[in-house]
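# All I have is the shape, not the residue letters:
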């Protein structure tokens, strides 16, 4: 599904290398997790994949189903099936949540040459999906993320994901700022989207999210590289011993 | 579209031509109607004023009024306090009167109107003829009807639904017709809100206005449909000076819409209008404008110079006026729709979106003059600047000594797109009593890269993302517009900002 080869990235503004040769191969239908200490480059990886400005790819490649996504505009990547659930979802004053969702769904359809979703159909689908995530009618009407609690913002990200039905989902620290109940709700939402074909890349600091979203593969990232990969047990190892041992091991 | 007749050189493929055409179409009303025109000689003099008056078959008192204005105008100097910069206007290098030749014989009904004119309005999305035909027919459920007065250069070419409005006692016609048919009303109210001596452009307008709309709503009548005037400047080097007078008698209500476009021309054109609203006891007027005059090209060539004086006089107690404007066009905008809150408990509201892109300059705002007791006013202004444009909000809130217990709330927000444009806020506040309250809030923000990336990561193109964020910023004002206008305005916001990012 997603092939990342020898990816080197630096900041555009200053000469600072952040990713120093990342290799990842995500098979369709699998859940991969990336863990790592602060500043290891996890969020940068998610931003570079989704096309945020301010980064320069100096070497390497990233392909989604064989298509070079680094050559695409952010909206084209979205239409090709890539989705990033933001660590800090952005507020857009005055734009109703529902309007935003509908514009997003229809923009992607247009880019793919598909017919737009009618207002009636859209309403039906969005109501059903919102209900699963315990998002009420009021939250759909309010401006995008404005005045939302931390939990509401993350649930809203998952709702967007459910509506856009991407092939490749990247979750950037979706557990940050959530209490246990909110995390469970979010994890349920994600698990409901696991259908054996959809691929996930879950970026997190802590093992606890992985109790709820069970990964197939766990990668440890440090200083801009993947330093170790393994099964779910790797996450438990980090939970018990911290990153220090791993970092020493590879140093 | 302006490039319909693109000259194709040999060897240029069809695709390139299409691409060029598409790019040139940013201002979609830039085409020109080829029609035989009758002009008064260029320049301004007493003779021209007399000519305009005689073309309109005006009575003596009207001519005297105009000549008085002209003589005053000669003694005035152009104001220079606004934050706009443009080459000096040569008032002798303008035509003050232009009308389609076919209008020489006044058409008796829309059937007599030159089909080319009707075609022009149809192209603008205003099918005058169809609307008139519908007059006798029941409108489909839910579909609101709008009566239209269309002004082409200097003359009104037709007013729809007149008969039906007459039944309700509403008079809706061109101002030249009103001067002939309803002189008692015109004489009583014309120039009582914006006096002849008000300001340079209003005085000029008083001397040379050629047409415009007139509305009278009798006591107790709620106007059965929305009224609308559509202004189109077509002729080259021609100023448009329309005059609108709306009188809402006791306990009456009317909602009035005004739309404007002009062809794409290299030379700037002058527009100096005056709008007067009179409100008697318990009357209410909603006046909405979508101003989309040609803004000039991205280098500031051409476009309309828009100097407009609009004022409402809430003469009656408990009267209420609401100005809503979406200003997206014009190279230079100088416009301050104002409310004189003379009656006790009267209310004035002003909602504005002003967009300036490329080299456009807008200096716009309002004046709320509180004279009566317990008067209230509310100002919501949203200014958006992009490209190299300059956008200024200028507003006066004045509480006079007798305006006890009056209140004003002003909210003034500016949004910047890019780093070469400017936003300015110039509020003037005068309070001369101890029981009134004035609140002023102002913010300035930039379209945030994070917001744009968030939208784009969900599949929206860059310009769609900007349009969405900006429409969100303007929401409070868009909501104040009548439904059909709100949709049009939303689309216009997107079109006006094309090319403002990237």
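Structure received. None of these values were measured; they are calculated from a predicted model. Numbers count the residues shown, from 1 in each chain, chains lettered A, B, ... in the order given.
# drop to CA atoms for contacts and neighbour counts, all remaining ones
Noted.
# interface residues of the stretch 1-150 of chain A facing chain B?
Proximity of the stretch 1-150 of chain A to chain B, by CA under 8 Å from any CA of the partner chain, involves residues A:50-52, A:74-79, A:83-84, A:89-95, A:103-105, A:107-108.
# Now do residue B:255 against chain A, distance only.
Applying CA to the nearest CA, to the nearest Å, the value for residue B:255 to chain A is 26 Å.
# in what helix or strand does that residue lie?
strand B:253-261 (DSSP states H and E).
# I would like the residues contacting that strand, please.
B:29, B:217, B:221-223, B:225-233, B:248, B:283-294 (CA atoms under 8 Å, 6 or more residues apart in numbering or on different chains).
# Give the PyMOL command for selecting the buried subset of these.
In PyMOL, this line selects whichever of the contacts of strand B:253-261 come out buried by 16 or more other CA atoms under 10 Å in any protein chain shown:
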select buried, chain B and resi 29+217+221+222+223+225+226+227+228+229+230+231+232+233+248+283+284+285+286+287+288+289+290+291+292+293+294
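# So which of the contacts of strand B:253-261 sit within strands?
Among the contacts of strand B:253-261, the members found in strands (DSSP state E) are B:217, B:226-232, B:248, B:284-291.
# on that earlier part again, how far does the strand holding residue B:255 sit from its chain's centre?
On the basis of CA atoms, centre = their mean, to the nearest Å, strand B:253-261 sits 8 Å off its chain's mean C-alpha point.
# orientation of it relative to strand B:226-232 in degrees?
For strand B:253-261 against strand B:226-232, the angle by axes from the mean of the first three to the mean of the last three CA atoms, to 10 degrees is 20 degrees.
# how about the helices of chain B, start to end?
B:14-24, B:46-55, B:60-75, B:115-123, B:128-133, B:162-167, B:175-181, B:183-189, B:200-208, B:449-456, B:462-473, B:475-478, B:483-496 (DSSP state H).
# which helices and strands sit right next to the shortest one?
Helix B:475-478 sits against strand B:347-356, strand B:376-385, helix B:483-496, with contacts defined as 3 or more CA pairs under 8 Å, 6 or more residues apart in numbering or on different chains; DSSP states H and E.
# Residue B:53 contacts residue B:64, doesn't it?
No: at 9.7 Å, residue B:53 does not count as touching residue B:64 under the criterion of CA atoms under 8 Å.
# who's in contact with the host helix or strand of residue A:104?
Taking DSSP H and E as the definition, residue A:104 sits inside helix A:97-111. Outside helix A:97-111, the residues that touch it by CA under 8 Å, 6+ apart are A:75-76, A:78-79, A:115-117, A:122, A:139-145, A:160, A:163-164, B:455, B:458-461.
# Now a ChimeraX select for only the buried ones of these.
Restricted to buried positions by 16+ other CA under 10 Å, the ChimeraX selection for the contacts of helix A:97-111 reads:
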select /A:75,76,78,79,122,139,140,142,143,144,145,160,163,164 /B:455,458,459,460,461
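# Out of the contacts of helix A:97-111, list just those in helices.
Counting by DSSP H, these place A:75, A:76, A:78, A:79, A:122, A:139, A:140, A:141, A:160, A:163, A:164, B:455 in helices.
# Which of these sits closest to residue B:92?
Nearest to residue B:92 out of the ones in helices among the contacts of helix A:97-111 is residue B:455 (CA to CA; 51.3 Å).
# Show the model's pLDDT score for the closest one.
Looking at residue B:455, its pLDDT reads 97.
# same thing with the one 3 residues further on?
Looking at residue B:458, its pLDDT is 97.
# Check the gap between the closest residue to residue B:358 other than its chain neighbours and residue B:417 for me.
Distance criterion CA to CA, 6 or more residues apart in numbering or on different chains; nearest residue to residue B:358, sequence neighbours excluded, is residue B:387 at 4.3 Å. The gap separating residue B:387 from residue B:417 is 7 Å, by CA to CA, to the nearest Å.
# How about residue B:224?
Counting by CA to CA, the separation of residue B:224 from residue B:417 is 42 Å.
# Of all pairs in the ones in helices among the contacts of helix A:97-111, which one is the farthest apart?
A:76 and A:139 (28.0 Å).
# where in the chain is pLDDT low?
As the question left the chain open, I've gone with chain A. Residues of chain A that meet the criterion pLDDT under 70 lie in A:250-251.
# looking at chain B here, not the other one
Residue ranges of chain B with pLDDT under 70: B:1-39, B:99-148, B:150-160, B:231-239, B:260-268, B:484, B:499, B:501-502.
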